[in-house]
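In: requesting a structural model of the entry that follows:
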Amino acid sequence: MNPVSRRHFLNRSSAVALGFSGLAASLTRGSTAALLEALSGAAIDDATLGFGPLIDDPRDIIDLPEGFSYTVFSRTGELMDDGLSVPGKHDAMGAFPFINDDGSTDPDRTILIRNHEIEDAHKTTGPFVRPGTLEGIDKSKIYDAGFGRPSRGGTTTMVYNTKERKLESHWMSLAGTERNCAGGITPQSTWLTCEETASVKGERFEHDHGYVFEVPATTKPALADPAPIRAMGRFMHEACSTDPRTGIVYMTEDRHDGLIYRYVPKDAGNLHAGGTLQALRVDHTPSFDTRNWDEQKIHPGTPVSISWITMDDVESPKDDLRYRGFNAGAARFARGEGMWWGEDSVFFAATTGGKGYHGQLWRIIPNPETGVDKLELFLEPNDPSVLHRADNITFSPWGDLIVCEDENEPPRMIGVTMKGEFYIIGRNARSNSEFAGATFSADGTTLFVNVQNPGYTLAITGPWDRIKTK
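Out: As a prediction, the model looks like this:
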């Protein structure tokens with residue numbers, strides 16, 4: 001595996017235009033707090049923003065703006081190149097450039113690593129559903145064999161040809177983990193996949209769960225070493241994002257009373273070498289409740305200074321990290337979910353934040369030079385028709401956030417400008433299943449996204465250079 005360069009990671013994560021001519025790398029912020037708060041209740045604007053209104057899809061898969069099209073691939077239950085089945089519950093995803101054996105980059109191919117949010121209660125297909133497939137697997141490559149019934153979560157890796165618009169190969173790349181929900185890309189060309197569970201070993205499991213695992217972006221079928229990064233803590237992990245300047249990994253916790261964490265590694269190039277787990281603290285008010293459920297305790301567009309509380313007993317056998325952190329002064333968030341690096345900030349979603357439980361978008365602004373970090377409530381929409389329960393997020397090549405909604409009817413992908421304006425990119429035309437894992441190809445031509453149930457991946461192409469900005 002050839003690592004992606006730090007420069008490439010900076011460009012990808014900071015939403016620098018990839019393969020687009022005439023597009024600005026990002027939009028200038030500069031809005032006042034009052035304007036941002038007003039925009040939190042703004043309407044969807046497809047007339048002067050985005051790509052125009054959506055067109056009903058005759059195939060009833062996804063409604064897209066005029067001129068856009070899609071390909072469906074890697075459906076649940078399909079046979080993969082390694083003889084295993086595509087697991088269901090497609091969730092978060094990361095895209096990586098395809099590096100040839102000689103170190104050159106193949107401009108037409110993208111590597112995708114995709115999570116599968118499967119737990120025992122889910123009836124969806126797992127990777128070992130075909131008879132005899134489990135017997136052919138090296139058991140050391142399965143994290144939890146489950147006393148003969150392995151966990152069905154994990155990750156799959158795909159090679160997609162953006163020029164020919166087709167899937168070339170796909171395989172299981174991490175096996176035996178539980179409820180792999182979100183994660184994040186790293187400068188080392190790896191995917192950090194997070195278990196959204198705190199299950200412990202016992203009658204069902206041979207090992208504890210609730211860890212972060214690292215999966216390399218390989219070009220040929222192989223199972224990753226299923227080694228949890230224990231120093232990153234054991235809790236209901238959701239997503240993570242790496243600051244490419246420092247190697248610090250920020251993480252969300254998907255609970256209604258969750259915290260925001262960061263992992264400061266001893267060696268930024270080797271997360272397994274150990275490090276320090278810390279929780280976010282709002283300096284002006286210890287044990288601050290950011291959720292704004294009962295009253296507006298924090299307003300959009302008003303950055304506050306933050307610091308970080310060092311956690312102990314991070315493998316948390318009692319699953320009480322969030323309680324110990326809050327009691328020590330850490331801030332509380334409403335279901336931290338998607339997270340992505342861009343604009344020299346860590347953007348993340350709190351899915352049930354705000355007085356209407358419609359969700360919040362936040363950003364952490366780290367300052368490695370001064371050590372004084374800031375937290376800002378970026379947006380808190382008041383109207384579910386604008387944005388309802390933001391989940392997975394990513395940055396576009398033109399500098400806007402792309403947000404996947406959770407629990408909307410039907411779910412949508414929403415574009416959000418750095419000025420706090422909204423437009424629609426896509427809408428589920430088949431069901432109320434959520435979109436997940438939105439991410440752009442290495443060449444910037446293709447937006448990949450998953451439909452979680454019944455489980456398939458979409459590759460969306462079209463005139464991205466047609467983007468309208470005010």
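In: count of neighbours near N367?
Out: Residues lying near N367 (other CB atoms under 10 Å) number 10. No exception for glycine: its C-beta is placed from N, CA and C like everyone else's.
In: touching, it and K374? I think so.
Out: Yes. At 7.4 Å, N367 counts as touching K374 under the criterion of CB atoms under 8 Å.
In: tell me where this protein has helices.
Out: Under the criterion DSSP state H, the chain contains helices at 6-13, 33-39, 321-327.
In: and the last one, what's buried?
Out: The reference is to helix 321-327. Buried residues in helix 321-327, counting neighbours by 16 or more other CB atoms under 10 Å, are found at 321-322, 324-326.
In: and that helix, average pLDDT?
Out: Average pLDDT, helix 321-327: 98.
In: what are the contacting residues of that helix?
Out: Here helix 321-327 makes contact (CB atoms under 8 Å, 6 or more residues apart in numbering) with 233-235, 253, 255, 257-259, 279, 287, 309, 311, 313-314, 332.
In: just the strands in the stretch 1-150 of the chain please.
Out: Assigned by DSSP state E, counting those that start in this stretch, the stretch 1-150 of the chain shows strands spanning 54-55, 62-65, 69-73, 90-99, 105-116.
In: let me know which of these is tucked in deepest.
Out: With neighbours defined as mean count of other CB atoms under 10 Å, the strands of the stretch 1-150 of the chain peak in mean count at strand 90-99, which reaches a mean of 26.
In: helices or strands up against it?
Out: If you count contacts as 3 or more CB pairs under 8 Å, 6 or more residues apart in numbering; DSSP states H and E, strand 90-99 packs onto strand 105-116, strand 180-185, strand 435-440, strand 447-451, strand 456-461.
In: reformat those as TSV; add mean pLDDT and distance to H272.
Out: Listed next are the helices and strands packed on strand 90-99 as TSV, based on pLDDT from 0 to 100; distance: least, CB to CB, whole Å:
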stretch	mean pLDDT	distance to H272
strand 105-116	97	18
strand 180-185	97	16
strand 435-440	98	25
strand 447-451	98	28
strand 456-461	98	29
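In: would you reformat the ones you listed as CSV and include distance to E343?
Out: CSV is the format used below for the helices and strands packed on strand 90-99 (distance: least, CB to CB, whole Å):
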stretch, distance to E343
strand 105-116, 23
strand 180-185, 16
strand 435-440, 16
strand 447-451, 19
strand 456-461, 23
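In: count of residues packed around P286?
Out: 15.
In: swap that for V304, sorry
Out: By other CB under 10 Å, the residues close to V304 number 17.
In: who's it bridged to?
Out: Beta-bridge partners recorded for V304 (DSSP bridges): L375.
In: on that earlier part again, quick check, nearest of the buried residues of helix 321-327 to E295?
Out: Among the buried residues of helix 321-327, F326 lies closest to E295 (CB to CB), at 18.2 Å.
In: could you check the pLDDT of the nearest residue to W362 once chain neighbours are set aside?
Out: Distances taken as CB to CB, 6 or more residues apart in numbering place F348 nearest to W362, at 5.4 Å, with adjacent residues excluded. We have a pLDDT of 98 for F348.
In: the one 5 residues further on now?
Out: G353 carries a pLDDT value of 98.
In: not counting its neighbours along the chain, what's nearest it?
Out: Q360 (3.4 Å).
In: next one: D46
Out: D46 sits nearest to P53 (CB to CB, 6+ apart), 5.0 Å away.
In: burial count for the one you found?
Out: Neighbour count of P53, defined by other CB under 10 Å: 13.
In: can you pull the contacts of it?
Out: 46, 65-66.
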